[in-house]
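Asks: Turn this into a model:
(chains A and B)
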Amino acid sequence: MSTATLTHEHDHHHDHAPTGWRRWLFSTNHKDIGTLYLVFALTMLFFGGASAMLIRMELFMPGIQLLEPDLYNNLVTNHALIMIFGAVMPAAAGLANWMIPLMIGAPDMALPRMNNLSFWILPAAAIMLMLSFVVPFFPGGGSQINTGWTLYPPLSLQVGMSMDFLIFAIHLLGISSVLASINIIVTIFNMRAPGMAMMKMPIFVWTWLVTAFLLILVVPVLAGGVTMLLFDRHFGTSFFNAAGGGDPVLFQHLFWFFGHPEVYILILPSMGVLAAIVPTFSRKPLFGYKHLVGAMIAIATIGMVVWAHHQYTIGMSLGAVKYFMIGTIIISIPVGLMIFNYIATMWRGSMTFETPMLFAVAILLMFTFGGLTGVMLAVVPADLQYHDSMFVVAHFHYVLLPGAVFGLFAGVFYWLPKWTGHMYDERLAKIFFWTNIISFNITFFPQHFLGLAGMPRRIVDYNAMFTEFNVVSSLGAFVFGLSHLLLLYIVIKTVRGGRRAEAKVWEGADGLEWQLPSPPPFHSWTTAPQVR
Amino acid sequence: MPGLRITSGLLPLLAWAGRADAELGLNFPPPVSTVGQEIYHVHMVTMGIATVLLVLVFAFVIYSLIHHRKSRGYEADQHFHESWFGNWSWVIVPVLVLGVDLTIAGSAEKTLEAIWTVPKDQKLLDVKVIGHQWWWEYQYLDHDVKVESRFVAEDKAGEHYLRDVDHRLVLPTNTKIRFLHTSADVIHAFWVPEIGFKRDAIPGYITETWAELTKEGVFRGQCAELCGTWHARMPIVVEAVSPQRFADWVRDQQSLKLAAAAEASSDRTWSREELLAKGEEYYVTKCGACHQPSGEGLPPAFPALKGSKVATGPLAEHLNIVLNGRQGTAMQAFNSLNDLEIAAIVTYERNAWGNNTGDVVQPAQVKAAR
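Replies: Below is the predicted model of the structure:
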């Protein structure tokens, strides 16, 4: 978010950076595109958050007060897709754009024009996604998308034209992700400064390398799956239609072959952020660098082959469920090693607790909790109870909010002074942290009990026996949702001004990005740094 | 455009207040089947192990947070990661985690095999469980009995609203029951927490599960897989009774069925009033979820019948749609209903809500149209 006036003094000699809207629309600069990604993600976070708050408002009390059932289901679908594809993935891509070139000593991304394309596809995709939500409200717009983000046929074959908008939105989002991934891989392989060996790269760069490979491997499978859906809907094929000799379960396999690695796509970049933050505020080197690299690769590899643990209840063969159960439980080994390494980095450190570190510690504790309920879910007999209940909703929010979203918040607080040249307001940021974390737990912890007591997920109305915990959860959700307005305020305030940030913002920070001034010049590392 | 409809604001609140002294559910309800007990055991073991691990992680982190902080003047140990522990932790930690993993998987494995394998070479009671949008059909294959189980409105269901049905799934205790799961339209899932598992109902598939109920009583659950608009209104109520009472119940159902069949196939001509009265009853239970008791439907997915082209147009086309469904929409074929039921429903639809066609459809006409 460096403004043109701030950067001119550094780059007047050969720079002809466009100003005004051209600067952003035609941008090939990794910092500007990173900023665009982050602003886009923050916008989407508020859309996704609004839909979540409407959902919790409806579930506040038993009865149907606010949303008729299809609108409720439409919001459930929309909330997931916006948060995953609109908020978390673009925010992680924003961090990658900003930080990878700075961290590896590259002047920019390897493919700057493709970088521009991969960002500018996103707003188009977002409009398409929003259209899929609103089209049913116009005359002749067909029925609403009441399938959830999993889009399981045959239900998704019954939906009106809004499903076609959604399918094209997914295609566009997929193209954007694959282009960004190609760019990141090419950059990391080719643009490292002299001496920056692969095994010297910051873990954040490693996590993004792994994530980019995952994206390229699994996003086309999703694209293929939804294309088959499109063909079933309009061209008379029967891929997923049992009456035509097709198989509704095939779609589930295709979807989760993408969907499960997607979880790691969301989490890994944030875990990379933690690997930067924890050593900085512990004032000692990262514990087990090589082990972490190995763990990340192992997580991605095993994560690719355990997708069907989302489908235990379809009635696979005994051999198949055993394989998927054991495979899934095995993931706890690299994940456990990763968490262990972060705790060992804190161990015997000299810790201070600025906002990024507060988030990091909270993430370690809550992500561990979410991971452990994940192990419970992996166990087939028990999962036959948990599956599709509110317990699952609680579990994946404990994994994805700490594991992905809070990691991104931590990263934003950690690097915001670097990006803007201003320190954020530490007092406000701490208020944000505590409000955010406490209300998050109030929202999602009671949902475990709801699931165990027998409340299915994705229902618009529930029996009075589930009232108490739903009331608590909704109250938590309102505070949690509104707390993000404070985040917005802090970010805007920091962009507009504040105490000047030094080049090395944090006392214990280590890495190439801290050798550049804050904010870094429009074109940085025009001469490659020498890495020891 | 789907409008907002405010339904039932106050009633649930009263129902909630009425049970304010009831216990909060913090864990699964006590299992009432043999497999349910084993599953409950696996759940408790896994949760126990997970809790111990969580406490350990919290303990280490909190210890570190208290002691290893700059404000206490703690000097960072810059060489901790190079100690023997730092060099070998990548072996020690995975081995420990693997040990925990194997314990969990081992405790689950036997139960998994027991619940996944339906007992062979013995007498099983076969119950086919068919999911429909949005009701359950239970076929007792050995007894030629069929139960249609539908959601009951709030004023009748009371505190069990959304967990209550018009016709229960009656099952005998101490009998091995095999459930055969399938669906007539989209994917649903059969879930009664007390029985201990859930299983998807998938069109084109028939999958099997089994259970033996150990306790008499009424056990409530609901559909667990998002199946469209009224997913929240697919309750499942199991009534477990002694084998003796189950046999009596089956006999009652069979005689009811014979009586209904005899009534439907008699050649008598039904009066307009008789058909309208029966038609309203059948319409509300079998058609009302989508087309609504008011006939206004839930457009655009479920069109209104009030003043619709079909319900006020040619009779033959109306009958055809009811009997054979409409391709590419949620309207399924209702040819499993008997002639009298369809005649009554169609008569009702053509005369209710101001659709004053005056048509009266006799069962014989339906028979001819099949």
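Asks: From here on, just use CA atoms for contacts and neighbour counts.
Replies: Will do.
Asks: wait, does stretch A:277-296 contact chain B?
Replies: Yes - on the criterion CA under 8 Å from any CA of the partner chain, stretch A:277-296 is in touch with chain B at A:Ser282, A:Arg283, A:Lys284, A:Pro285, A:Leu286, A:Phe287, A:Gly288, A:His291.
Asks: Contacts only, for the residue nearest to B:Gly131 when sequence neighbours are not counted.
Replies: Closest residue in space to B:Gly131, ignoring its immediate chain neighbours: B:Ser183 at 4.5 Å, by CA to CA, 6 or more residues apart in numbering or on different chains. By CA atoms under 8 Å, 6 or more residues apart in numbering or on different chains, B:Ser183 lies in contact with B:Ile130, B:Gly131, B:His132, B:Ala201, B:Ile202, B:Pro203, B:Gly204, B:Tyr205.
Asks: Tell me the one among the residues you listed nearest to chain A.
Replies: When the contacts of B:Ser183 are ranked by distance to chain A (CA to the nearest CA), B:Gly204 comes first, at 5.0 Å.
Asks: I'd like to know how many residues surround the closest one.
Replies: Neighbourhood size, B:Gly204 [other CA atoms under 10 Å in any protein chain shown]: 19.
Asks: Let me know the pLDDT of it.
Replies: On the pLDDT scale, B:Gly204 is placed at 94.
Asks: Skipping its backbone neighbours, what lies nearest it in space?
Replies: In space, and not counting its chain neighbours, B:Gly204 is closest to A:Ala242: 5.0 Å by CA to CA, 6+ apart.
Asks: Now do the contacts for that neighbour.
Replies: The contact partners of A:Ala242, by CA under 8 Å, 6+ apart, come to A:Pro248, B:Pro203, B:Gly204.
Asks: Where neighbours are concerned, which of the contacts of B:Ser183 has the most?
Replies: Going by other CA under 10 Å, B:Ala201 tops these with 29 neighbours.
Asks: In CSV, list the contacts of A:Ala242 along with distance to A:Met103.
Replies: Output for the contacts of A:Ala242, formatted as CSV (distance: CA to CA, whole Å):
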residue, distance to A:Met103
A:Pro248, 46
B:Pro203, 52
B:Gly204, 54
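Asks: Out of the residues you listed, which comes closest to A:Leu274?
Replies: Ranked by distance to A:Leu274 (CA to CA), those are led by A:Pro248 at 39.9 Å.
Asks: Assess the claim that the closest one and A:Pro154 are in contact.
Replies: Yes - using CA atoms under 8 Å, A:Pro248 is in contact with A:Pro154, at 6.6 Å.
Asks: Show the model's pLDDT score for the residue of the stretch 351-500 of chain A found nearest chain B.
Replies: Chain B sits closest to A:Met351 of the stretch 351-500 of chain A, with a gap of 4.2 Å, by CA to the nearest CA. Per-residue confidence (pLDDT) for A:Met351: 95.
Asks: try A:Ser317
Replies: 94.
Asks: where in the stretch 401-532 of chain A is pLDDT low?
Replies: Within the stretch 401-532 of chain A, no range satisfies pLDDT under 70.
Asks: cool, chain B as well?
Replies: The model of chain B has pLDDT under 70 over residues B:1-24, B:328.
Asks: Going by residue numbers, what spans are helices in it?
Replies: Ranges of helices in chain B, per DSSP state H, are B:11-18, B:34-67, B:84-116, B:154-157, B:243-265, B:272-282, B:288-291, B:309-312, B:315-324, B:339-351, B:363-369.
Asks: most packed of those helices?
Replies: Of all these, helix B:339-351 has the most neighbours on average by mean count of other CA atoms under 10 Å in any protein chain shown, namely a mean of 26.
Asks: Now do it against helix B:243-265: the angle between them, please.
Replies: Put simply, helix B:339-351 runs at 60 degrees to helix B:243-265, going by axes from the mean of the first three to the mean of the last three CA atoms, to 10 degrees.
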